[in-house]
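Peer 1: sequence first, then the predicted structure:
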Protein chains: 2
Amino acid sequence: METQPTDREEPVTLTSAELVERWSGLEEPEELAAAFHRLEREESDEFFLALTAHEQAALLQALPRGERRLWIRLLAPDDAADVLQKVEAPELREELLGLLDEATRREVKALLAYAEDAAGGLMSPLFARVRPESTADEAIRYLRRQAEGDLETVSYGYVLDAEQRLVGVVSLRQLITTRGDRKVQDLMTSDVVSVREDTDQEDVARVFAQHHLMAIPVLDGEGRLKGIITADDIVDVVEEEATEDIQKLGGMEALDAPYLRTPLLRMVQKRAGWLSALFLGEMLTATAMARYEDEIARAVVLALFVPLIISSGGNSGSQATTLVIRAMALGELRPVDLLRVLRREVLSGLLLGCTLGVIGFARIMIWQALFHTYGEHATRVAITVAVSLVGVVLFGTLAGSLLPFLLRKLRFDPASASAPFVATLVDVSGLVIYFSVADLVLRGTML
Amino acid sequence: METQPTDREEPVTLTSAELVERWSGLEEPEELAAAFHRLEREESDEFFLALTAHEQAALLQALPRGERRLWIRLLAPDDAADVLQKVEAPELREELLGLLDEATRREVKALLAYAEDAAGGLMSPLFARVRPESTADEAIRYLRRQAEGDLETVSYGYVLDAEQRLVGVVSLRQLITTRGDRKVQDLMTSDVVSVREDTDQEDVARVFAQHHLMAIPVLDGEGRLKGIITADDIVDVVEEEATEDIQKLGGMEALDAPYLRTPLLRMVQKRAGWLSALFLGEMLTATAMARYEDEIARAVVLALFVPLIISSGGNSGSQATTLVIRAMALGELRPVDLLRVLRREVLSGLLLGCTLGVIGFARIMIWQALFHTYGEHATRVAITVAVSLVGVVLFGTLAGSLLPFLLRKLRFDPASASAPFVATLVDVSGLVIYFSVADLVLRGTML
């Protein structure tokens, strides 16, 4: 019996574009499977391939067992390995591995042995090999045969010796533009930029950016070629690394999945840890303030500027730490640059502190002239605020720029919560600076 | 006369690796030129090509006029255009343009007409063309001839009709693995992913990441092929966009150049603008505090918790705004997702606020039991702090997640100083929340 679509019902099939539009709104496994089943058949494979590894894993998990083989087998070995790394349940991971054909399963297992964020975990084991003693014509014929398989790219042929060691690279372009009888070993570039299996993916990305390469070979400790990484995979890596750093700079643990895909409690957990740690740190401000309780009682006007002073320190510290951490991540700053950074930041801190000091002084004097807000000692209050601002901003700038160097020296990740950590450090020190300056400037008058 | 190197003198020539090591430490034009001249001659071109466009521009500027032609002509048109965009002095830009050969100059000028961060400004005008009615063998011969020129890639042939409109793409792999007499139009993929000349580079990067492409064609409004963008160029774009967003989230204008390459005063300028703006905003905290001056005078203990309360609001707001802005930049969140974000953040804010509220309450009660720090009304003070924390964290979380949506709606860049702007907004509102709660809880006892 046919069902007639009525006004109230949704259309039975969806186009790929319509499904993309809805996909991020779906949360439950049943919703994912049902929506995917409504996709027009000829568009399903392209849609599946365009999903992120994380989304593919979620969808595979949501589909009935009988349908999984078709989709996992659609993936190249390196992509299948990525998906398996996103599957959390070990039983499901084993089941999916079992659905692959023998040869792919071996390759995927080999890839899974690498850390997800190392070159070995990124590479594809499918690359085009040629022999140094072949002629250009033989090499083209040989590449053509390999290209019928499932190579990621045939733009380059990798020249291996008998021990599978990489001795050079020859581009398809070099092969087709030369005389057919020339030897590969006379054509190839033997000075090849490569990375090791255990090279961190951030460093791999830097090598790509520096040399403008389309593909890079991955070697083991003995110089044997294990796989290649292509530039399109590096685009994802760079996005992912930047996202992690940004989230850490925002004062939380990096999420494992896109914002809307992260379960609420998991997200709260990632945020609550650092938020509580920072809160415990900020409690020191209450302790510091308690030390100055008498001063506040005698000159309540001092309390009015506390938020202004500490937030200025926090903002300038956050600027400095962000600059330094990003420059470190991009490889622009190394440990030896500490002194140069220090010199720049002392000057910047002084200039920025003086700027805020002048604005702060003017603000208090103007309000005093207009509304007589700050009592008879307004000028001294203004001096206290201005001098404190210079000190607090200078301290914030220095703490913000030096802390990442210190964290790295101690082998911590500088990006982890550095910015809010600096803010907390600067808040407490800012209070001490402010009340010490007040003590000097106001003793004998207000205090 | 020959100079004998002595112990005190530096070696006369440097290897490429040695120069890379020193390069970031050089600041003055004379230092750059002198160091570059000490590089071994056969390594100079590779070294020059590995520099960023910004570094190439600085070096060209530093070299004597007579040497500039050699180096600017080494660059492909798209790279030359990038370098010219980094040159600030219009005279020097004109001079360098004049050093190019006629054909390249025309191409570079065409590229310079595009915005630096649009697809047109990224693309290379050098791509391999084929005709739909050619056979595979003819196409290979034709590609081979073009490959002798200076194409960025010959992995793909772009199939153009008589009006230069893109009708399909054929890979070299497809051409070499098929029968030689098959027509290109029967082999080619006609459903080609492409971008427009004016597509923003962030969107171009997203298309690459989504479709895992090695190259993407750039079309004008009439569908004519103007150039191609390759994945290796996109790696740079993604790094650059992430750096800009990170610097903006850190509360400053994005720098135009690497940290150590940015002149000190320029950097201070980029930081001082936002820092002053935020300072002016934070002055509202002094105004807000002044409204509660009487309350503080009567219950000085209230002032002790001001930094703790407002920094907690700031930290939770910064978490939320960082998450939302990064998800927006990655295309994970669209305006229609506002309600879903709101629902998630209300719940997150309440959970996080209660976590801090419980910790804060416990802290005050424990200190009170141990040191009797907070006087006879300590329990009421603890309740005030705990309830305020829930309110402030919830408000911070909501403000932090909604502000980016609002900024985008108003066509501002959500990343621009959102995080510290949220902190400022939350500081002022946090004070109002805190003192209002205090008013309710403490009226009749301490107030």
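Peer 2: Alright, I've got the coordinates.

Peer 1: could you pull up the residues touching the closest residue to residue A:259 other than its chain neighbours?
Peer 2: Of all residues beyond its chain neighbours, the one nearest residue A:259 is residue B:327 (4.1 Å), with distances taken as CB to CB, 6 or more residues apart in numbering or on different chains. (Glycine included, C-beta is placed from N, CA and C.) Contacts of residue B:327 were listed using CB atoms under 8 Å, 6 or more residues apart in numbering or on different chains, and they are A:258, A:259, A:260, B:333.

Peer 1: now list the buried members of those.
Peer 2: A:258, A:259, A:260, B:333 (16 or more other CB atoms under 10 Å in any protein chain shown).

Peer 1: re earlier: can you list phi and psi of the residue nearest to residue A:259 for me?
Peer 2: phi -60, psi -40 (degrees, to the nearest 10).

Peer 1: where are the low-confidence patches of chain A?
Peer 2: For chain A, residues meeting the criterion pLDDT under 70 lie at A:1-12, A:24, A:147-154, A:417.

Peer 1: please parse it into its domains.
Peer 2: Following automatic domain parsing, chain A resolves into domains at A:16-113, A:129-231, A:259-442.

Peer 1: out of the contacts of residue B:327, which one sits closest to residue B:366?
Peer 2: Closest approach between these and residue B:366, by CB to CB: residue A:259, at 36.4 Å.

Peer 1: strands of the stretch 251-400 of chain A, start to end?
Peer 2: For the stretch 251-400 of chain A, applying DSSP state E, counting those that start in this stretch gives no strands.

Peer 1: how about the helices in it?
Peer 2: Ranges of helices in the stretch 251-400 of chain A, per DSSP state H, counting those that start in this stretch, are A:264-291, A:293-298, A:301-304, A:306-329, A:338-371, A:378-409.

Peer 1: does the second one reach chain B?
Peer 2: Which is helix A:293-298. Yes. Contact of helix A:293-298 with chain B (CB under 8 Å from any CB of the partner chain) involves A:293, A:296, A:297.

Peer 1: now swap in the third one and tell me
Peer 2: Yes. Judged by CB under 8 Å from any CB, helix A:301-304 comes into contact with chain B at A:301, A:303, A:304.

Peer 1: all helices for the stretch 1-150 of chain A, in order.
Peer 2: A:16-23, A:29-37, A:41-50, A:53-62, A:65-72, A:77-86, A:90-99, A:102-112, A:119-122, A:136-147.

Peer 1: can you say which of those is packed in most?
Peer 2: Mean neighbours per residue, mean count of other CB atoms under 10 Å in any protein chain shown, is largest over these for helix A:119-122, with a mean of 24.

Peer 1: for chain B, give me its nearest residue in the stretch 101-250 of chain A.
Peer 2: Here the stretch 101-250 of chain A gets closest to chain B at one residue, residue A:250, 2.7 Å apart by CB to the nearest CB.

Peer 1: so who does that residue touch?
Peer 2: Per CB under 8 Å, 6+ apart, neighbours of residue A:250: A:419, B:249, B:318, B:319, B:321, B:322, B:323, B:419.

Peer 1: most neighbours per residue, which of the domains of chain A?
Peer 2: Of all the domains of chain A, domain A:259-442 carries the top mean neighbour count, a mean of 21, counting by mean count of other CB under 10 Å.

Peer 1: now that one, how far from the centre of its chain.
Peer 2: Its chain's average C-alpha position is 26 Å from that of domain A:259-442, according to CA atoms, centre = their mean, to the nearest Å.

Peer 1: same check on stretch A:234-247?
Peer 2: 3 Å.

Peer 1: which residues does that stretch contact?
Peer 2: For stretch A:234-247, contacts defined as CB under 8 Å, 6+ apart pick out A:122, A:201-202, A:204-205, A:208, A:253-255, A:325-326, A:329, A:415, B:205, B:208-209, B:231, B:234-235, B:238-239, B:242, B:245-246, B:249, B:322-323, B:326, B:330.

Peer 1: mind saving the C-alpha coords of it as PDB?
Peer 2: Written as PDB, here are the backbone C-alpha positions of stretch A:234-247 (Å, rounded to 0.1, in the frame of the first residue of the first chain):
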ATOM      1  CA  ILE A 234      46.800  18.700   7.200                       C
ATOM      2  CA  VAL A 235      44.100  21.300   6.800                       C
ATOM      3  CA  ASP A 236      42.000  19.300   9.300                       C
ATOM      4  CA  VAL A 237      44.900  19.000  11.600                       C
ATOM      5  CA  VAL A 238      45.600  22.700  11.700                       C
ATOM      6  CA  GLU A 239      41.900  23.500  12.300                       C
ATOM      7  CA  GLU A 240      41.900  20.900  15.100                       C
ATOM      8  CA  GLU A 241      45.100  22.100  16.800                       C
ATOM      9  CA  ALA A 242      43.900  25.700  16.700                       C
ATOM     10  CA  THR A 243      40.600  24.700  18.200                       C
ATOM     11  CA  GLU A 244      42.300  22.900  21.100                       C
ATOM     12  CA  ASP A 245      44.500  25.900  21.800                       C
ATOM     13  CA  ILE A 246      41.700  28.400  21.600                       C
ATOM     14  CA  GLN A 247      39.600  26.300  24.000                       C
END
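
Peer 1: that older thread, could you identify the most distant pair in the contacts of residue A:250?
Peer 2: Pairwise distances across these peak at 14.3 Å for A:419 and B:323 (criterion: CB to CB).

Peer 1: which residues does stretch A:119-127 contact?
Peer 2: With contacts defined as CB under 8 Å, 6+ apart, stretch A:119-127 is touched by A:76-78, A:81, A:85, A:107, A:110-111, A:113-115, A:149-153, A:156, A:158, A:195-201, A:204, A:217-218, A:225-230, A:233-234, A:237.
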